[in-house]
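Novice: Below are the sequence and a predicted model; questions follow.
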Amino acid sequence: MSEKPLIADFISSSVNYRQNFGGGRKQDIAKAVGIKSRIRPNIIDATAGLGRDGFILASLGSHVTLIERSQIIHDLLADGMRRASNVGGRTAEIISRMKLIHADAIELLPTLSTNVIYLDPMHPPRRKSSLVKSKMRQLRAIVGEDPDQIELIKTALQSDCNRVALKWPSKSPLPNPLPKCSHQILGGTVRFDIFIKSNVKKISI
Ligand SMILES: C[S@@+](CC[C@H](N)C(=O)[O-])C[C@H]1O[C@@H](n2cnc3c(N)ncnc32)[C@H](O)[C@@H]1O
């Protein structure tokens with residue numbers, strides 16, 4: 001069976017379902033970035049990919065700057081955002097909180113300032129390739145393995161922000177020595193390693 005073409009999808013029924021029944025600010029990704037009842041941090045998603053995580057964060061009320069360095073993935077994401085914006089209503093309102101930049105975050109992050117940096121670099125390949133979702137396989141075929149992910153994490157930790165949230169497979173150790181994280185949020189297949197910086201400033205709505 002041929003694979004579906006890779007697109008950034010913000011308008012299908014499954015995305016709507018996740019928006020309505022995905023757990024809101026109780027879901028792990030929301031806790032990872034520090035979204036609370038009256039707190040909507042400004043977030044840089046430095047590994048935008050197809051914008052799934054960025055869209056969830058924007059749907060919860062945060063303003064999200066998405067950085068993607070692959071020209072192909074950036075263009076797919078820009079196209080998905082444009083189509084979603086044209087739908088109007090709540091979907092367009094969510095997209096209006098998302099700003100997409102084509103750049104290498106390792107170069108751009110040191111020039112930016114935000115509350116939270118969110119990172120979801122390419123995870124180590126799973127041994128059972130049938131378990132890897134088709135979308136992720138197609139993405140990997142385009143962008144490769146992110147061999148500089150440790151440099152990206154270190155750059156984020158040195159950047160002007162209060163918190164870095166790193167999404168990583170639950171059972172995999174980080175590939176290289178990094179500072180110990182402040183705490184972890186453990187999910188079934190993924191976990192979030194949270195690094196809180198000392199000069200905490202919060203944005204309330
Ligand atoms: C696992 S995907 C992210 C998936 C995304 N969280 C989502 O929900 O769709 C990782 C993406 O980060 C991008 N990336 C990796 N390192 C980057 C960097 N230094 N700067 C910008 N983008 C980067 C890759 O090109 C890839 O598209």
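Specialist: That came through, no problem.

Novice: what's the longest helix in the chain?
Specialist: When the chain is parsed with DSSP state H, its longest helix is helix 71-87.

Novice: in it, what counts as buried?
Specialist: Judged by neighbour count (16 or more other C-beta atoms under 10 Å), helix 71-87 contains these buried residues: 73-74, 76-78, 80-81, 83-85. C-betas here are computed from N, CA, C, even on glycine.

Novice: Could you confirm whether any residue of it contacts the ligand?
Specialist: Yes. Helix 71-87 is in contact with the ligand by C-beta under 6 Å from any ligand atom, via residue 73.

Novice: Going by distance to the ligand, which of the buried residues of helix 71-87 wins?
Specialist: Closest approach between the buried residues of helix 71-87 and the ligand, by C-beta to the nearest ligand atom: residue 73, at 4.4 Å.

Novice: ok, the closest one touching residue 50?
Specialist: Yes. With contacts counted by C-beta atoms under 8 Å, residue 73 reaches residue 50, the gap being 6.8 Å.

Novice: Now the terminal residues of stretch 107-116, how far apart.
Specialist: 17 Å (C-alpha to C-alpha, to the nearest Å).

Novice: packing partners for the helix or strand containing residue 92?
Specialist: Using DSSP states H and E, residue 92 sits in helix 89-95. When contacts are defined as 3 or more C-beta pairs under 8 Å, 6 or more residues apart in numbering; DSSP states H and E, helix 89-95 sits against helix 52-59, helix 71-87.

Novice: Just the buried residues of that helix, please?
Specialist: 91, 94-95.

Novice: Throw those residues into TSV and include pLDDT and distance to residue 33, thanks.
Specialist: Formatted as TSV, the buried residues of helix 89-95 follow (pLDDT from 0 to 100; distance: C-beta to C-beta, whole Å):
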residue	pLDDT	distance to residue 33
91	94	21
94	96	16
95	97	19
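
Novice: can you pull the contacts of the closest residue to the ligand within the chain?
Specialist: Residue nearest to the ligand within the chain: residue 49 (2.5 Å; C-beta to the nearest ligand atom). Residues near residue 49 by C-beta atoms under 8 Å, 6 or more residues apart in numbering: 68, 73, 77, 120, 139.
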